[in-house]
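Chemist: Next input, structure requested:
(one chain, ligands or ions: 1)
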Amino acid sequence: MTKKIIIIGSGFSSISAATYLADKGYDVTILEKNDSYGGRARKFKAEGFTFDMGPSWYWMPDVFEKYFNDFNKRVEDYYSLKKLDPAYRVYFGENDFIDIGDSLEKISQTFEENEKGSSKQLMKFMAEAKKNYSIAMEKVVYKPGESILELITLGTIRRLRYFTTNIKSEVAKYFKNNKLKQILEFPALFLGAKPENTPAFYNIMNHADFGLGTWFPEKGGMHRVVESMIELALEKGVKFKSNHQVDQILVENKKVTGVISNENTFLCDIIISGADYNHTEKLIPGHLKNYSDSYWDKKTFAPSSLLFYIGLNKKIEKLNHHNLFFDGDFSNHASEIYDNPKWPESPLFYLNFPSLTDKSMAPEGHENCFILIPIAPDLKDEEKIRDEYLQIVLKRIEEVSGEKISDHIIYKKSFCVKDFINDYNSYKGNAYGLANTLFQTSIFKPKIKSKKINGLYFTGQLTVPGPGVPPSLISGKIVSSIVTKDFPNQ
Ligand SMILES: Cc1cc2nc3c(=O)[nH]c(=O)nc-3n(C[C@H](O)[C@H](O)[C@H](O)COP(=O)(O)OP(=O)(O)OC[C@H]3O[C@@H](n4cnc5c(N)ncnc54)[C@H](O)[C@@H]3O)c2cc1C
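Modeler: Numbers count the residues shown, from 1 in each chain. Presented below is the predicted three-dimensional model:
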């Protein structure tokens, strides 16, 4: 008998798991609470503008390629990629910025201009980052996080020091210039923790950044990837049902038997949840949870975010596709996220204009714009506060870059803590899961398999390997191989 699998949610990890399992002959149905698919990577259209709602940085193209290769396909069968040059711009003050080019050679020249001797240092730093990246990809990130033995390989033992030091001090060993140091600490922010709390081994992200480059999926941006994965999943026979919120996971004799959604009851042999872990555990009887409320309360979550999706009736000339505003105090803002959670006094933020690369994302002569301000999860979220912060960042953008924005806004929508909770059932409104601190890495992550319920599994950014789109694809692959072993489809 073909085994029936229900997958909760339609984020990257869920679609990935579904596709691997349907490919192995399982009967797979995805139930998504929202009216569109992709989870945090949904898109929406308004007044001629197309907005990616979440991810915008396409890093680690090798992981996407590997995903499609697993089904004898290639990325180019579905979408084409453009390497961005400059990859991104970092502002440190008024007309004071550094552009990061699309090759290590160009970047090392930029480094040399800012700190004498730093180009050689960069090459040394990057050679180490590249070695760590290979070890991570070949030996670590595709492992299920079940046993410490997974981490003990010749490669990791030889590089043990990278697990006992942090990114901040590692970068400081090589460079003195504060701007360069901040640029090299920036990729760690994708992992959701402060650079001083992120193991130096995660300099793999520096290889992802400078070594592999920043790409853009043409004709649609990041959501193009979601659409492509759905196309492949449908080819494999996965069934998708939107507007299906799972309200209860049915368990009999400590074994899953199905789910109750707002629409129907679905019977099944196996359930995989790509929804936020804490929320999924609310759908089962309390005594069968893997983790208590206090467990979650003690965890370091990745930040939440205040987001703005903006349509402009002008073309942008003085800014890039990706722009980071590091013209404030990095450590103050980090402390307002992690140590003393409050609305930041002078936030660092990220500004993106995808229509500079993809004209189809805005009407002619217009530009679409996305602003992200990282904030602590669980902050008081009110319309008035959102508006205040929009004014703060618009003023900063205009002062620092000289580009006029405020008078050209013809469409505006914000998204913050309350929306993360309402739309995704996100714990405390976190944007991208658990931070990858040392004690929240690999075997220390919430487990993929329920310890108490047979047939219940978890996937996504709260499990191994962690936050981000590439890790979510990998997480789907990991859970699918565990399910295949536990429930062979005879
Ligand atoms: C603003 C933002 C910017 C980001 N930028 C980047 C970036 O540039 N690059 C990058 O690599 N990563 C980025 N990330 C992280 C990346 O988007 C996520 O790590 C990834 O998309 C998470 O995928 P997932 O499969 O874990 O889950 P999600 O995308 O969270 O999907 C979970 C799904 O479950 C659904 N769900 C929840 N409860 C239920 C229920 N009861 N019943 C049915 N369905 C339910 C939700 O609606 C959702 O669709 C960003 C994230 C955010 C929020």
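Chemist: Restrict stretch 322-336 to CA atoms and write it as PDB.
Modeler: The C-alpha trace of stretch 322-336 is given here as PDB (Å, rounded to 0.1, in the frame of the first residue of the first chain):
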ATOM      1  CA  HIS A 322      20.900  45.500  -2.500                       C
ATOM      2  CA  ASN A 323      21.900  48.300  -0.100                       C
ATOM      3  CA  LEU A 324      22.900  47.900   3.600                       C
ATOM      4  CA  PHE A 325      22.800  50.900   5.800                       C
ATOM      5  CA  PHE A 326      25.500  50.400   8.400                       C
ATOM      6  CA  ASP A 327      25.600  54.100   9.200                       C
ATOM      7  CA  GLY A 328      24.700  53.600  12.800                       C
ATOM      8  CA  ASP A 329      26.200  51.700  15.800                       C
ATOM      9  CA  PHE A 330      26.100  48.000  14.900                       C
ATOM     10  CA  SER A 331      26.600  46.800  18.500                       C
ATOM     11  CA  ASN A 332      23.900  49.100  20.000                       C
ATOM     12  CA  HIS A 333      21.400  47.800  17.500                       C
ATOM     13  CA  ALA A 334      22.400  44.100  18.100                       C
ATOM     14  CA  SER A 335      22.100  44.700  21.800                       C
ATOM     15  CA  GLU A 336      18.600  46.100  21.300                       C
END
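Chemist: for that stretch, the distance to its chain's centre please.
Modeler: 19 Å (Cα atoms, centre = their mean, to the nearest Å).
Chemist: in it, what counts as buried?
Modeler: Buried residues in stretch 322-336, counted by 16 or more other Cβ atoms under 10 Å: 322, 323, 324, 325, 326, 327, 328, 330, 333, 334, 335, 336. Every C-beta, even on glycine, is put in place using the N, C-alpha and C of the backbone.
Chemist: Verify the contact between the last one and residue 344 for me.
Modeler: Pointing back at residue 336 there. Yes: between residue 336 and residue 344 there is a contact under Cβ atoms under 8 Å: 4.5 Å.
Chemist: which neighbours do these two share?
Modeler: Common neighbours of residue 336 and residue 344 (criterion: Cβ atoms under 8 Å, 6 or more residues apart in numbering): residue 375.
Chemist: what pLDDT does residue 1 get?
Modeler: Looking at residue 1, its pLDDT reads 83.
Chemist: Could you check what's spatially nearest to it, not counting adjacent residues?
Modeler: Nearest residue to residue 1, sequence neighbours excluded (Cβ to Cβ, 6 or more residues apart in numbering): residue 490, at 7.9 Å.
Chemist: Using PDB, write down the CA coordinates of stretch 268-287.
Modeler: C-alpha atoms of stretch 268-287 as PDB (Å, rounded to 0.1, in the frame of the first residue of the first chain):
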ATOM      1  CA  CYS A 268      -2.500   9.600   6.800                       C
ATOM      2  CA  ASP A 269       0.400   7.400   7.900                       C
ATOM      3  CA  ILE A 270       3.000  10.200   8.300                       C
ATOM      4  CA  ILE A 271       2.900  13.900   9.000                       C
ATOM      5  CA  ILE A 272       5.700  16.300   8.400                       C
ATOM      6  CA  SER A 273       5.400  19.800   9.600                       C
ATOM      7  CA  GLY A 274       7.200  22.700   8.000                       C
ATOM      8  CA  ALA A 275       5.200  25.200  10.100                       C
ATOM      9  CA  ASP A 276       7.000  26.800  13.000                       C
ATOM     10  CA  TYR A 277       7.900  24.000  15.500                       C
ATOM     11  CA  ASN A 278       6.400  25.500  18.600                       C
ATOM     12  CA  HIS A 279       3.100  26.000  16.800                       C
ATOM     13  CA  THR A 280       3.100  22.400  15.500                       C
ATOM     14  CA  GLU A 281       3.500  21.100  19.000                       C
ATOM     15  CA  LYS A 282       0.300  23.100  20.000                       C
ATOM     16  CA  LEU A 283      -1.600  20.800  17.500                       C
ATOM     17  CA  ILE A 284      -0.800  17.600  19.500                       C
ATOM     18  CA  PRO A 285      -1.800  16.600  23.100                       C
ATOM     19  CA  GLY A 286       0.400  18.500  25.600                       C
ATOM     20  CA  HIS A 287       2.100  15.400  27.200                       C
END
